[in-house]
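[1] Structure here, sequence nowhere to be found:
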């Protein structure tokens, strides 16, 4: 009696294992290779963060603007090492990475052009508490925004990610190069807490803001590497953080899920309306860290891909 | 929020898989799969080792070492292993993410299984063990017929706590591109779709409780009645007051005598 029950229990467990294995291998094998009918995209696995699947400028936008429908979606991470590795090793064929990501160049990945501006503009913009935004502080931050550009920012990120330099040193060197490190007193008397999310680029930007304001006499405290927007945005809204480097498109969709603006000016205008009373967006920089559909060089050559629209071509 | 969560859970579209989205049934199956693999491996490693240590009294330091493994931060170990292991796999395979996940879950499941097996055998009263040896049983017979049945309640409690931990922690598989019920928690947070996130949490809790209930049933019918005191009505009077542990031995002797 006892032995029979043990045997049944063992058999049940083993069948669960088999079922589990079956579903694992099943989910990994579909939609591979270039053979079969349909478009190029339909035979591809796309890798990106969870929200890309539902975001207006994510998968729905790609379908609406370019008629591109991917065969399968694998959730990786937000433009991080998991996505890069999955694309490099062939677990996914196309991925959502960010334009300033140094690993795009390091791995010979190809960014597919976005002629219809599916992806919303993601200009770097300082979001600051209104009470702290004195003329002097605004002058310092707007000066920084004026000098930042996408390529330059990509280089700074590369110095941190690839060359393992410290964000504070990279920020200091950049300020010196751009002649923005001169000391003065235009921000004196202000005490400002600068925050950043937990990825290198955002930390560098926060360091740049902090060091420039400090050089102008402000009392600066930093709270870096805070984590996701769900954690830091409430702190910014409630005033325990005063200043944060943000991206116009992302912060806009966070505040207004229905937002449809895509051009830099439209997004910036919409952002100004969406921000609560006590927060203000200063001048945005020309530097953008926007999403991009990225493929490997081999894939791009094999299917002759240049723009996202090319993914909707027939695979035959 | 409660109404939205109920609505999310009762939407039939969320239960079925499409070729783009994985539904609850398939994620549930994947979740059970991840957990079952880890638990079977942990059982194969932890149980024999724990029984052997308890039986021989040798290498008891191993119990301490294995228990110390519990202090490892699971997510940290997972990310570290993914960074080391994932780049070795090419093409359409999950193996680079599945193997690290299973290692992490096994590390979590082995300590309770091993230390409870050890403690279970260790706690068998010396008199019972001596009596078994005195009857002429070999060491192996004593372990299999006396120590193991007597240790079963503790072994079960170890396995059940390992199961709960593994099912709850298997949600981290979603952190490294795999499926499972964690997918809804992780995706719901990222998509600001909180009903989806809460539903994921509820599903994990429901799964953990159901499996625990199932194991409680298996335990009820496998552990000797002499240990649980759960006796048939007729026998209750006769055996009342008897040392429950020696009752197992009595039962064993009776069955041997019958052969």
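    Right, received. Where do you want to start? These numbers come from a predicted model, not from an experiment.
[2] contacts, neighbours, all on C-alpha from now
    Noted.
[3] and the stretch 51-200 of chain B, which of its residues are near chain A?
    For the stretch 51-200 of chain B, the residues in contact with chain A (Cα under 8 Å from any Cα of the partner chain) are B:86-87, B:89-94, B:175-178, B:186-187, B:190-191.
[4] Just the buried residues from those residues, in PyMOL please.
    Filtering these down to the buried ones (16 or more other Cα atoms under 10 Å in any protein chain shown) takes a single PyMOL command:
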select buried, chain B and resi 86+89+90+91+92+93+94+175+176+177+178+186+187+190+191
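[5] looking at this, residue A:128 is in a strand?
    Yes. The assignment for residue A:128 (DSSP: H, G, I helix; E, B strand; the rest coil) places it in a strand.
[6] Backbone torsions only: list them for the closest residue to it other than its chain neighbours.
    Using Cα to Cα, 6 or more residues apart in numbering or on different chains and skipping residues adjacent in sequence, the residue nearest residue A:128 is residue A:243, 4.4 Å away. Dihedral angles of residue A:243 (phi, psi; degrees, to the nearest 10) stand at phi -140, psi 140.
[7] quick one, what contacts residue A:243?
    By Cα atoms under 8 Å, 6 or more residues apart in numbering or on different chains, the contact list for residue A:243 reads A:126-129, A:192-195, A:236.
[8] Present the residues you listed as a markdown table; the columns should include neighbour count, pLDDT and distance to residue B:210.
    Converted to a markdown table, these look like this (neighbours: other Cα atoms under 10 Å in any protein chain shown; pLDDT from 0 to 100; distance: Cα to Cα, whole Å):
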| residue | neighbour count | pLDDT | distance to residue B:210 |
| --- | --- | --- | --- |
| A:126 | 26 | 96 | 50 |
| A:127 | 23 | 96 | 48 |
| A:128 | 28 | 96 | 50 |
| A:129 | 23 | 95 | 50 |
| A:192 | 24 | 94 | 52 |
| A:193 | 21 | 95 | 48 |
| A:194 | 23 | 96 | 47 |
| A:195 | 29 | 95 | 44 |
| A:236 | 22 | 93 | 42 |
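[9] for those residues, which one is nearest chain B?
    Distance to chain B across those (Cα to the nearest Cα) is lowest for residue A:236, with 18.5 Å.
[10] what about residue B:134, neighbour count?
    Residue B:134 has 10 neighbours, counted by other Cα atoms under 10 Å in any protein chain shown.
[11] Contacts only, for it.
    Residue B:134 makes no contacts at all, as judged by Cα under 8 Å, 6+ apart.
[12] Equivalent analysis for the one 4 residues further on, please.
    Residue B:138 makes contact with no residue under the criterion Cα under 8 Å, 6+ apart.
[13] Could you report the separation of it from residue A:82?
    Applying Cα to Cα, to the nearest Å, the value for residue B:138 to residue A:82 is 54 Å.
[14] Residue A:274 now?
    Noted for residue A:274: a distance of 33 Å to residue A:82, by Cα to Cα.
[15] More neighbours: which of those two?
    residue A:82 (24 against 17).
[16] quick one: the more buried one and residue A:200, what's the gap?
    16 Å.
[17] Tell me how many other residues crowd residue A:264.
    So residue A:264, with other Cα under 10 Å, has 18 neighbours.
[18] Tell me the predicted confidence for residue B:90.
    For residue B:90, the pLDDT comes out at 89.
[19] Let's see the pLDDT reported for the nearest residue to it once chain neighbours are set aside.
    If the residues on either side of it in the chain are set aside, residue B:90 comes closest to residue A:89, at 4.7 Å by Cα to Cα, 6+ apart. We have a pLDDT of 91 for residue A:89.
[20] and the gap between residue A:89 and residue A:75?
    The gap separating residue A:89 from residue A:75 is 15 Å, by Cα to Cα.
[21] higher neighbour count, the two?
    Using other Cα under 10 Å, the more surrounded residue of residue A:89 and residue A:75 is residue A:75, with 27 against 19.
[22] Could you pull up phi and psi at that one?
    Phi and psi for residue A:75, reported as degrees, to the nearest 10, are phi -80, psi 120.
[23] Quick check: it touching residue B:177?
    Yes. Using Cα atoms under 8 Å, residue A:75 is in contact with residue B:177, at 5.2 Å.
[24] Tally up the residues packed near residue A:260, please.
    When neighbours are counted by other Cα under 10 Å, residue A:260 comes out with 16.
[25] and if you look at residue A:169?
    Around residue A:169 there are 15 other residues, counting by other Cα under 10 Å.
[26] repeat for residue B:126
    10.
[27] so who does it touch?
    No contacts exist for residue B:126 under Cα under 8 Å, 6+ apart.
[28] For stretch B:129-145, which residues meet the burial criterion?
    Using 16+ other Cα under 10 Å as the test for burial, stretch B:129-145 gives B:129, B:132, B:137, B:142-143.
[29] Can you pull out the low-pLDDT segments for the stretch 151-259 of chain B?
    Within the stretch 151-259 of chain B, the segments meeting pLDDT under 70 span B:231-259.
[30] residue ranges of the helices in it, please?
    B:182-190, B:194-222, B:225-228, B:233-239, B:244-258 (DSSP state H, counting those that start in this stretch).
[31] so the longest one versus helix B:182-190, what angle?
    Okay, so that is helix B:194-222. Here the directions of helix B:194-222 and helix B:182-190 differ by 160 degrees (axes from the mean of the first three to the mean of the last three Cα atoms, to 10 degrees).
[32] other SSEs contacting helix B:194-222?
    Here helix B:194-222 touches helix A:2-29, helix B:2-10, helix B:148-169, helix B:182-190, going by 3 or more Cα pairs under 8 Å, 6 or more residues apart in numbering or on different chains; DSSP states H and E.
[33] Quick check: chain neighbours aside, which residue is closest to residue A:226?
    Nearest to residue A:226 is residue A:197, by Cα to Cα, 6+ apart, at 5.0 Å.
[34] That neighbour in helix, strand or coil?
    coil.
[35] quick one, what contacts residue 203?
    Since you didn't name a chain, this refers to chain A. Residue A:203 neighbours (Cα under 8 Å, 6+ apart): A:167, A:196-197, A:224-225.
[36] Not quite, go with chain B.
    Contacts of residue B:203 (Cα under 8 Å, 6+ apart): residue B:181.
[37] and the gap between it and chain A?
    Look at residue B:203 and chain A: by Cα to the nearest Cα, to the nearest Å, they are 17 Å apart.
[38] All set, thanks.
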